[in-house]
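**Q** my questions are about this predicted structure, shown below with the sequence.
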Amino acid sequence: MTVKGKVHKYGDNVDTDVIIPARYLNTSVHSELAKHCMEDIDKDFVNKVQQGDIMVAKENFGCGSSREHAPIAIKASGISCVIAATFARIFYRNSINTALPILECREAAERIDNGDEVEINFDTGEIKNVTKNEAYHAEPFPDFIKEIIDAGGLMNSIKEKK
Amino acid sequence: MGMTMTQKILADHCGLESVKAGQLINCRLDMVLGNDVTTPVAINEFNKFGFTSVFDKEKISMVMDHFTPNKDIKAAGLTKCCRDFAGEYKIKNYFDVGTVGIEHALLPEQGIVASGDVIIGADSHTCTYGALGAFSTGVGSTDMAAGMATGMAWFKVPAAIKFNLTGKLKPYVSGKDVILHIIGMIGVDGALYKSMEFSGEGLPNLSMDDRFTMANMAIEAGAKNGIFEVDDKTIEYQKGRVNREYKIYKADDDAEYEKVYDIDLSEIGMTVACPHLPENTRPVEELGDIEIDQVVIGSCTNGRIEDMRAAAEVLKGKKVASRVRCIVIPATQQIYLDAMKEGLLEIFINAGCAVSTPTCGPCLGGHMGILAAGEKAVSTTNRNFVGRMGDVTSEIYLSSPAVAAASAVLGRIGSPYDLK
């Protein structure tokens, strides 16, 4: 599977409070959460983002709260994949469990700039920067985790095993 | 190769003789927790995938603490969703207005979690129960849904960092100062994916409330869990609370640690984390003249009885500065009652503080004390991210209850010594 889109780039320690502020957590409706995605760090994000776009950040992306509303808001806003140098651990497992594609790749996190056009092949882990004509490589997931993602998330995977 | 305390608990709960860092395992759960924000998302997943029974109605806890008493109509809908589910599935540990406390103060107080347990909670500060010597970690709502249905969760076995504690805390210095000091030292991703294990000859010098505060903020260093070796204080704390057998685990002598830090408790001073990351720590004396608008004393980090006592000791006979709002929130009904019996609430109210029923409210900018544009707060909570407690231009300084109380009186950030 491949995705292609324009990059929205952020820095270190993007926390769940800026991904989706707690004042909007009185709902869990995906489309409503998407309306406020990244609001406190990038007010314009919801107007700029196009279906299939890619989010790239540096260290410790998604740190802070355990709110699954964060990956839900990102996914519902149209983002097809998040690439970061490292992810905070709860965000990491929430993304796997809810089947939001994420990739850890330090080189990509450093080289890719805001607005670059990027193409990702999830089977090989190859990240192609079309704008810069460069390629980076992310480690593929271990089989244990790949099974969850391939099933479409944790609930599908435990349902299949039942 | 020996195992860390965390690895031994995990091995026992996945039916293996031993596990090693990096291994992916499926573990049996002793408790699955959620709150009024995260549980509705879990219930939605649970129902969507057609589950019709829970793995054990006694091993699920639902704590309505974040936006309660219901702050608006949508929040009322969230608690109603949880209340209806808890009723239908006869969830034993369902806590609502009147019995509710902040989840991470409540569960240990009520003896619902114990040493040696494996606990997941759809709340990042679930790592608090590591103070009891349990493996306890925050997860998302889908993990909670799967946990409620199957009683299992997947984990990657963490490597560990050891904190070898020696010495004794100075006056006015608390577990909050120790953990802020440590986060300042290793950074907000200094323990990413790892366990923080606390032990050493200084351990008996830390109260259980100090340990809860420290384990609570392990997540603020990116850790998977924080865990304390079990000693006499842990066992004493659980007497009369935990009415079941529990198991005490100890790290092997040859357990492997990625790093060992020696922490002399007597060298740590009162510490404040400046905006906008918990790692931006400085000794309170070095902050200079920073005027403040609000003080919050409470939360799952610092809403326990010792925190109330520390704040009251500073506030006794004093008045909160005229332009400062000081909000005190005992974390549970029992702490509220104890604070009342000890005369602490009277001290707070006479000093000009607002005292609230238990709620997470202001910590996450939910309700009960939101900050306006440009306002500054000193808070005993755990996160000082951009916009966390209100407007995106507001600023949060994290501190201990003693420093927060002193700052409320001073109208600027300062220590109890500045009042003398």
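**A** Structure's in. What do you need? Source: prediction; values computed, not measured.

**Q** what segments of the stretch 1-150 of chain B are helices?
**A** B:5-13, B:39-48, B:73-88, B:103-109, B:141-150 (DSSP state H, counting those that start in this stretch).

**Q** can you lay out these as TSV showing mean neighbour count and distance to residue B:174?
**A** In this view, the C-beta of every residue, glycine as well, is placed from N, C-alpha and C. Conversion of the helices of the stretch 1-150 of chain B to TSV gives the following (neighbours: other C-beta atoms under 10 Å in any protein chain shown; distance: least, C-beta to C-beta, whole Å):
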stretch	mean neighbour count	distance to residue B:174
helix B:5-13	24	24
helix B:39-48	22	31
helix B:73-88	17	32
helix B:103-109	27	15
helix B:141-150	28	31
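
**Q** if I look at the closest residue in space to residue B:357 that isn't next to it in sequence, how far off is residue B:16?
**A** Excluding the flanking residues, the one nearest residue B:357 by C-beta to C-beta, 6 or more residues apart in numbering or on different chains is residue B:69, at 6.9 Å. Counting by C-beta to C-beta, to the nearest Å, the gap from residue B:69 to residue B:16 is 45 Å.

**Q** who has more neighbours out of the two?
**A** Per other C-beta atoms under 10 Å in any protein chain shown, whichever of residue B:69 and residue B:16 has more neighbours is residue B:69, with 19 against 14.

**Q** identify the spatial nearest neighbour of the residue located most distally from the centre of chain B, chain neighbours not counted.
**A** Distance to the chain centre peaks in chain B at residue B:50, reaching 33.3 Å (criterion: C-alpha atoms, centre = their mean). The shortest distance from residue B:50 to any non-neighbouring residue, by C-beta to C-beta, 6+ apart, is to residue A:159 (7.6 Å).

**Q** ditto for residue B:398
**A** With C-beta to C-beta, 6+ apart, the residue lying closest to residue B:398 is residue B:273, at 4.0 Å.

**Q** with residue B:209 instead?
**A** What sits nearest to residue B:209 in space, not counting adjacent residues and going by C-beta to C-beta, 6+ apart, is residue B:306, at 4.0 Å.

**Q** mind checking how far the strand or helix carrying the one you found is from the chain centre?
**A** Assigning secondary structure by DSSP states H and E places residue B:306 in helix B:305-315. Relative to the mean C-alpha coordinate of its chain, helix B:305-315 is positioned 18 Å out (C-alpha atoms, centre = their mean, to the nearest Å).

**Q** what's the average pLDDT for that helix?
**A** Throughout helix B:305-315, pLDDT has a mean value of 98.

**Q** quick one: buried residues of the helix or strand following that helix?
**A** On the C-terminal side of helix B:305-315, the closest following helix or strand by DSSP H and E is strand B:325-328. Of the residues in strand B:325-328, those buried by neighbour count under the rule 16 or more other C-beta atoms under 10 Å in any protein chain shown are B:325, B:326, B:327, B:328.

**Q** same question, stretch B:379-393
**A** B:379-392.

**Q** with stretch B:60-75 instead?
**A** Neighbour-count burial for stretch B:60-75, counted by 16+ other C-beta under 10 Å, picks out B:60-71, B:74-75.

**Q** what's the closest of the helices of the stretch 1-150 of chain B to residue B:133?
**A** Minimum separation from residue B:133 across the helices of the stretch 1-150 of chain B (C-beta to C-beta) falls at helix B:5-13, 7.1 Å.

**Q** so which residues of chain A form helices?
**A** The residue ranges that make up the helices of chain A, judged by DSSP state H, are A:16-19, A:30-34, A:45-48, A:69-76, A:89-97, A:106-111, A:143-151, A:154-161.

**Q** tell me the pLDDT at the residue nearest to residue B:398?
**A** Per-residue pLDDT puts residue B:273 at 98.

**Q** and what of residue A:149?
**A** Per-residue confidence at residue A:149 stands at 85 (pLDDT).

**Q** what parts of the stretch 301-420 of chain B come near chain A?
**A** Within the stretch 301-420 of chain B, the positions near chain A by C-beta under 8 Å from any C-beta of the partner chain are B:364, B:365, B:366, B:383, B:385, B:386, B:387, B:388, B:392.

**Q** what pLDDT does the last one get?
**A** So that's residue B:392. With respect to pLDDT, residue B:392 has a value of 96.

**Q** how many other residues sit next to the closest residue to residue A:24 other than its chain neighbours?
**A** Once flanking residues are discounted, residue A:24 sits nearest to residue A:36: 4.7 Å by C-beta to C-beta, 6+ apart. Burial measure for residue A:36: 20 neighbouring residues, criterion other C-beta under 10 Å.

**Q** separation between residue A:36 and chain B?
**A** Distance, residue A:36 to chain B, using C-beta to the nearest C-beta, to the nearest Å: 11 Å.

**Q** returning to that earlier point: need the helices of the stretch 1-150 of chain B in TSV with mean pLDDT, can you?
**A** Listed next are these as TSV, based on pLDDT from 0 to 100:
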stretch	mean pLDDT
helix B:5-13	98
helix B:39-48	97
helix B:73-88	98
helix B:103-109	98
helix B:141-150	98
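
**Q** got those as TSV, with distance to residue A:132 columns?
**A** As requested, the helices of the stretch 1-150 of chain B are arranged in TSV below (distance: least, C-beta to C-beta, whole Å):
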stretch	distance to residue A:132
helix B:5-13	42
helix B:39-48	38
helix B:73-88	44
helix B:103-109	46
helix B:141-150	36
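
**Q** let me see the contact set for the residue positioned nearest the centre of chain A.
**A** Closest to where the C-alpha atoms of chain A average out (C-alpha atoms, centre = their mean) is residue A:82, at 2.8 Å. Shown in contact with residue A:82 (C-beta atoms under 8 Å, 6 or more residues apart in numbering or on different chains): A:54, A:55, A:56, A:57, A:61, A:74, A:95, A:100, A:101, A:102, A:103.

**Q** tell me what it is bridged to.
**A** According to DSSP bridges, residue A:55, residue A:102 are recorded as the beta-bridge partners of residue A:82.

**Q** and it, how far from residue A:17?
**A** With the distance defined as C-beta to C-beta, residue A:82 ends up 17 Å from residue A:17.

**Q** can you check residue A:50 too?
**A** In this view, residue A:50 and residue A:17 are 25 Å apart by C-beta to C-beta.

**Q** neighbour count: the two, which is higher?
**A** When neighbours are counted by other C-beta under 10 Å, residue A:50 and residue A:17 differ, and residue A:17 comes out ahead with 27 against 11.

**Q** from chain B, how far out is that one?
**A** Spatial separation of residue A:17 from chain B under the definition C-beta to the nearest C-beta is 4 Å.

**Q** just give the closest residue to that residue, not the sequence neighbours.
**A** The shortest distance from residue A:17 to any residue that is not its chain neighbour, by C-beta to C-beta, 6+ apart, is 4.5 Å, and that residue is residue B:385.

**Q** also residue B:380?
**A** The shortest distance from residue B:380 to any non-neighbouring residue, by C-beta to C-beta, 6+ apart, is to residue B:302 (3.6 Å).

**Q** could you do residue A:79 as well?
**A** Beyond its immediate neighbours in the sequence, the residue positioned closest to residue A:79 (C-beta to C-beta, 6+ apart) is residue A:55, lying 5.1 Å away.

**Q** surely that neighbour touches residue A:80?
**A** No: with contact defined as C-beta atoms under 8 Å, residue A:55 does not count as touching residue A:80 (9.0 Å).

**Q** higher neighbour count, those two?
**A** When residue A:55 is set against residue A:80 and neighbours are counted by other C-beta under 10 Å, the residue ahead is residue A:55, at 25 against 20.

**Q** residues in contact with the more buried one?
**A** So residue A:55 contacts A:7, A:8, A:10, A:74, A:79, A:81, A:82, A:83 (C-beta under 8 Å, 6+ apart).

**Q** for the fifth one, which residues are in contact?
**A** Think residue A:79. By C-beta under 8 Å, 6+ apart, the contact set of residue A:79 is A:8, A:49, A:53, A:54, A:55, A:100.
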